[in-house]
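Colleague: Need a 3D model of the sequence below.
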Amino acid sequence: MRFDAAVLRSYEDPFTVEEVILNAGPANGEVLVRIAGCGMCRTDLAVRRSAGRSPLPAVLGHEGSGVVVETGGPDTGLSPGDHVVLSFDSCGHCRSCLGAAPAYCDDFAALNLFGGRTENAARFTDAAGGALAPRWFGQSSFAAYAMVPARNAVRVDPALPLELLGPLGCGFLTGAGAVLNSFNTGPGDTVVVLGAGAVGLAAVMAATAAGAVAVAVDRHPERLALAEKFGAAALYAVPGDLPDRIRGLTDGGAQYALDTTGSARLINDALLSLRPRGHLGLVARLHADLPLETGTLDRGRRLSHICEGDAVPALMIPRLTGLWRAGRFPFDQLIRTYPLTDINEAEADCEAGRVVKPVLIP
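Modeller: The predicted structure is shown next:
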């Protein structure tokens, strides 16, 4: 089977849209999906800064959505014609997976970031027969088709706008899941979100949907305007008095804070803005030491890393589409679509902050 895909051949060069070849149909437990749209996530772009740990050449993309074309084996739970959203890969049998915490799968890094599932990997090649890296996040969905483990695919209502749903499998799931799952936010709670990008704005929408008081912190006025549109109070990220300003908006301090920036300065400010026993969650990967100021973890405050919003995708994705249908999670307002052939323009717009969430349409 031959189809177009965006291939990243080196860490410095642009993507090239070229023909790739899938030499076999779905193996047992897999499904072949015709991609309707795929979100571009900063995790895709971070491959360029991965110090060679992510194998290339590769087809990236891990926020795919599409239609099942073919299934392998009798136990996928899916049928041709089903509409699905694709999420991260997990083994399904380690202690974390069995404990409904697939984002903490023992093999998460190996399956999603550093090579993927190696079985049947050689069947995926470029047009000249050259090997491509095994599937990125179990899908490699910057392409017209993706072969995925059925475990990755979540069936959705065909009445939903399928081409826009892919980011619910990672970026939007991460922000909303942190608020709804990790914090278990409810009416009257206070949530501070640092960084009003795709993950942060999804967290803002989830907080307001849960009846919480949300505060968004960013240095881009247009992002703060979006946060206000979704019900948050907006604070410009000026260092120095940020904890005082947050406490002034949250009746003495926030119960929860979510950092999407990885900034040590903002992380310390967020901790200092918390109430006693408050919880700060980090979703961005830290690339340097994190020095904590004296007093930041006093009075029962705690700090944790949150992966994929502590979500079980098969439960979280229907919850988010239900909130969207109720007008309480308008994620579609963050999306700009691009043809797959314009992937380099989408990357440039994403890096420059001109778009919150690019979605590529094959």
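Colleague: make it CA atoms for all contacts and neighbour counts henceforth
Modeller: Noted.
Colleague: where does the stretch 101-250 of the chain have low pLDDT?
Modeller: Across the stretch 101-250 of the chain, the ranges flagged by pLDDT under 70 are 115-122.
Colleague: can you map out the strands along it?
Modeller: With DSSP state E, counting those that start in this stretch, the ranges of strands along the stretch 101-250 of the chain come out as 124-126, 145-149, 153-156, 190-194, 213-218, 233-236.
Colleague: So what touches the shortest one?
Modeller: Applying Cα atoms under 8 Å, 6 or more residues apart in numbering, the contact partners of strand 124-126 are 18-23, 131-132, 134.
Colleague: Determine the set of other helices and strands touching the helix or strand harbouring Gly66.
Modeller: Per DSSP states H and E: Gly66 is located in strand 64-71. Strand 64-71 sits against strand 30-39, strand 83-86, with contacts defined as 3 or more Cα pairs under 8 Å, 6 or more residues apart in numbering; DSSP states H and E.
Colleague: The first one versus strand 145-149: what angle between them?
Modeller: For strand 30-39 against strand 145-149, the angle by axes from the mean of the first three to the mean of the last three Cα atoms, to 10 degrees is 120 degrees.
Colleague: ok, then the element right after strand 30-39?
Modeller: helix 42-45.
Colleague: Off-centre distance for stretch 316-325?
Modeller: Centroid separation for stretch 316-325 versus its chain: 15 Å, with Cα atoms, centre = their mean, to the nearest Å.
Colleague: repeat for stretch 259-266
Modeller: On Cα atoms, centre = their mean, the centre of stretch 259-266 falls 17 Å from the chain's centre.
Colleague: Restrict that stretch to CA atoms and write it as CSV.
Modeller: Taking Å, rounded to 0.1, in the frame of the first residue of the first chain, the C-alpha atoms of stretch 259-266 are listed here in CSV:
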residue,chain,number,x,y,z
ASP,A,259,2.7,24.7,34.9
THR,A,260,3.0,24.1,31.1
THR,A,261,6.2,26.3,30.6
GLY,A,262,9.0,24.5,32.3
SER,A,263,10.2,27.9,33.6
ALA,A,264,12.0,27.6,37.0
ARG,A,265,11.0,31.2,37.8
LEU,A,266,7.3,30.6,37.2
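Colleague: ok so, going back, which of the contacts of strand 124-126 ranks first by neighbour count?
Modeller: Most neighbours among these, by other Cα atoms under 10 Å: Pro134, with 30 neighbours.
Colleague: picking up where we left off before, so which of the helices and strands packed on strand 64-71 has the densest surroundings on average?
Modeller: Sort the helices and strands packed on strand 64-71 by mean neighbour count, taking mean count of other Cα atoms under 10 Å, and strand 83-86 sits at the top with a mean of 30.
Colleague: which element follows that one toward the C-terminus?
Modeller: Heading towards the C-terminus - elements assigned by DSSP H and E - strand 83-86 is followed by helix 95-98.
Colleague: what pLDDT, on average, does that following helix get?
Modeller: The pLDDT scores in helix 95-98 average 97.
Colleague: what's in contact with that helix?
Modeller: Outside helix 95-98, the residues touching it (Cα under 8 Å, 6+ apart) are 90-92, 102-106.
Colleague: buried stuff in stretch 222-235?
Modeller: By 16 or more other Cα atoms under 10 Å, the buried positions in stretch 222-235 come out as 223-228, 230-235.
Colleague: What is the most widely separated pair among the residues you listed?
Modeller: Phe230 and Leu235 (14.2 Å; Cα to Cα).
Colleague: can you give me the helices for the protein?
Modeller: Using DSSP state H, the helices assigned to the chain run over residues 42-45, 95-98, 108-112, 171-177, 198-209, 221-229, 242-249, 264-272, 313-325, 343-352.
Colleague: Make JSON lines out of the ones you listed and add distance to Gly188.
Modeller: Formatted as JSON lines, the helices of the chain follow (distance: least, Cα to Cα, whole Å):
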{"stretch": "helix 42-45", "distance to Gly188": "32"}
{"stretch": "helix 95-98", "distance to Gly188": "32"}
{"stretch": "helix 108-112", "distance to Gly188": "35"}
{"stretch": "helix 171-177", "distance to Gly188": "17"}
{"stretch": "helix 198-209", "distance to Gly188": "10"}
{"stretch": "helix 221-229", "distance to Gly188": "18"}
{"stretch": "helix 242-249", "distance to Gly188": "13"}
{"stretch": "helix 264-272", "distance to Gly188": "19"}
{"stretch": "helix 313-325", "distance to Gly188": "19"}
{"stretch": "helix 343-352", "distance to Gly188": "34"}
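Colleague: wait, which of these is closest to Gly64?
Modeller: helix 171-177 (11.5 Å).
Colleague: So in terms of bridging, what pairs with Phe3?
Modeller: Val20 (DSSP bridges).
Colleague: related to what we said a few turns ago, can you tell me which of the buried residues of stretch 222-235 is closest to Met205?
Modeller: Phe230 (5.9 Å).
Colleague: Was I right to think that closest one contacts Val204?
Modeller: Yes. Look at Phe230 against Val204 with Cα atoms under 8 Å: they come within range, at 7.0 Å.
Colleague: still on that earlier bit, nearest to Leu297, out of the helices of the chain?
Modeller: Of those, the one closest to Leu297 (Cα to Cα) turns out to be helix 264-272, at 7.0 Å.
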